[in-house]
Each structure stands twice: as structure tokens, then as C-alpha cells.
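A.B. asks: I would like the atomic coordinates for the input below:
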Amino acid sequence: MRLLIGIFAALLIAGCSQPKGITEMTFSGTMELTEHVLGAKVAGRLTTLSVDEGDHVSKGQLLATLDRFEQDKKDYERLRVLYQSGGADQQSLEHARLKMEDQEIVSPLDGVVLVKDVETGETLPEGGGVVVIGDIKDQWIKVYVSENLVHQLTLGQPADIKVDGALKPYRGRITFIAAKAEFTPRNVQTPEERATQTIAVKITVDHPDENLHAGVSADVKFL
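C.D. replies: Have a look, this model is predicted:
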């Protein structure tokens, strides 16, 4: 009987000394969007810019044009008519189309304008940024997990997400675990926790919607 009591006590102490599982812990982060910087393909002066910060845009939408756009568009339309009547070859038509498209800034995706870098009338260098578009279909949160807990996480692991101001919960999954440890960023948690080594973990939201906004705080609980 004494032996059984001793074994039971040892097991109880050992069980109480185990660290809490990660399923009982919540990590905090900030909602983020994958960003796309759209710039000028050639140098020129910005003559039109039809969007502002916060505007939603669609894939293929014309956002801005440079100073040669109207002339290049006329040249393309003229060659297109000639090509249809046999008065121009396909190579000339294609060259005119590419010249016109070099004067355009077109959205490559459905998204929201996060930053407007320039105003109309400004001269841009080749590749100069015009707007930054956030991908509303690719929203995620980065949290920092201590080294002694990160071994419990795997790519594809599901997580519950609670976003400040959102009425419903969201589900996500781990899509990235950093290979190297780093110090927790200064804007996260307490001074003591900022001094510890942590691993960055990215959680992608499975079905983001219009209720999610970049910069809003969110809590993540791993399942």
C-alpha cells in the first residue's frame, strides 16, 4: 500500500510539473495583407490617377496613365484598323500594343489601395512606385512563439483567430515557421518577454472577408 501511494504521489507531482500544452495558450499579433507595389514600366509624367487610399480595385482595372498614353493608344487603334484590312502586320500591331501598355498602371488583382506614393503631374523614373495594393484574399497574422514551445507547431496546423471588432471567429493555418530564432519585437508583450528568443510564425486566414482590416489586433489559439 505504501508503495502504491508513493507511486501515485510521484505521478501526480510529475503531471503537475508538465508545462501547459500550446492549445491552452493564446498569442497576439496584427492583421496584415500581402502587399503589391505597382510602378511605372517606363519613365514619364503621371497624368491620371483614378484611385485614392482605401479604395477597392478590381483585377485588370486601369489605375493610372503616363503622358504618352493617349498618343500611344491612338497609334494602336489606328494600326488595329489597318491590320484588320491587311494594311499592317501582326508584329507592328503587337509593338504598338506594348508601347500603349507601358503607359498604363493596371491592378493585377482584386484588392485595396494601401498607399498612394505620388500625385498627378509628378515625373516618375522607370520602375518608380505609384500605388501599393493589398491583397484582400491573402490576409495573415505573424506571432512570436518562444523556443521551448515552437516544436509543438507544424506547417498546416489549424488555429482559431479572434480579431478585435469582428463579431465572428475565423479559422486559419500555419503557413510559415521561421528557421532562425530572433528577439521578440519591441512593440510586443512585456520588456521581459521582448528579451527572450522567439520564432516568428505566420498564420494565414482561410476565408478572409471585408470585415478584416490590416493593422487590427488579433489573438491566435493553435489547435
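
A.B. asks: just the C-alphas of stretch 128-142, formatted as CSV.
C.D. replies: Presented in CSV, the C-alpha positions along stretch 128-142 are these (Å, rounded to 0.1, in the frame of the first residue of the first chain):
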residue,chain,number,x,y,z
GLY,A,128,9.0,54.2,-59.8
GLY,A,129,6.2,53.3,-57.4
VAL,A,130,2.8,54.7,-57.9
VAL,A,131,0.5,52.8,-55.5
VAL,A,132,0.6,49.8,-53.1
ILE,A,133,-2.3,47.4,-53.4
GLY,A,134,-3.2,45.0,-50.5
ASP,A,135,-4.5,41.6,-51.5
ILE,A,136,-7.8,41.2,-49.6
LYS,A,137,-7.8,37.5,-50.3
ASP,A,138,-4.4,36.9,-48.7
GLN,A,139,-4.6,38.1,-45.1
TRP,A,140,-2.4,36.8,-42.3
ILE,A,141,-1.0,37.3,-38.8
LYS,A,142,2.5,36.9,-37.6
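
A.B. asks: give the contact list for residue 112.
C.D. replies: Residue 112 makes contact with 33, 54-57, 133-134, 136, according to CB atoms under 8 Å, 6 or more residues apart in numbering. Any C-beta I mention is one placed from the backbone N, CA and C, and that applies to glycine too.

A.B. asks: try 7 Å
C.D. replies: Residues near residue 112 by CB atoms under 7 Å, 6 or more residues apart in numbering: 54-56, 134, 136.

A.B. asks: please give the element, helix or strand, for the residue nearest the centre of the chain.
C.D. replies: For the chain, residue 34 is the residue whose C-alpha lies nearest the centre (CA atoms, centre = their mean; 1.4 Å). Element membership for residue 34 (DSSP states H and E) is strand 26-39.

A.B. asks: give me the sheet partners of that strand and which way each runs.
C.D. replies: Each strand paired with strand 26-39, and its direction, by DSSP bridges: strand 129-146 (antiparallel), strand 217-222 (antiparallel).
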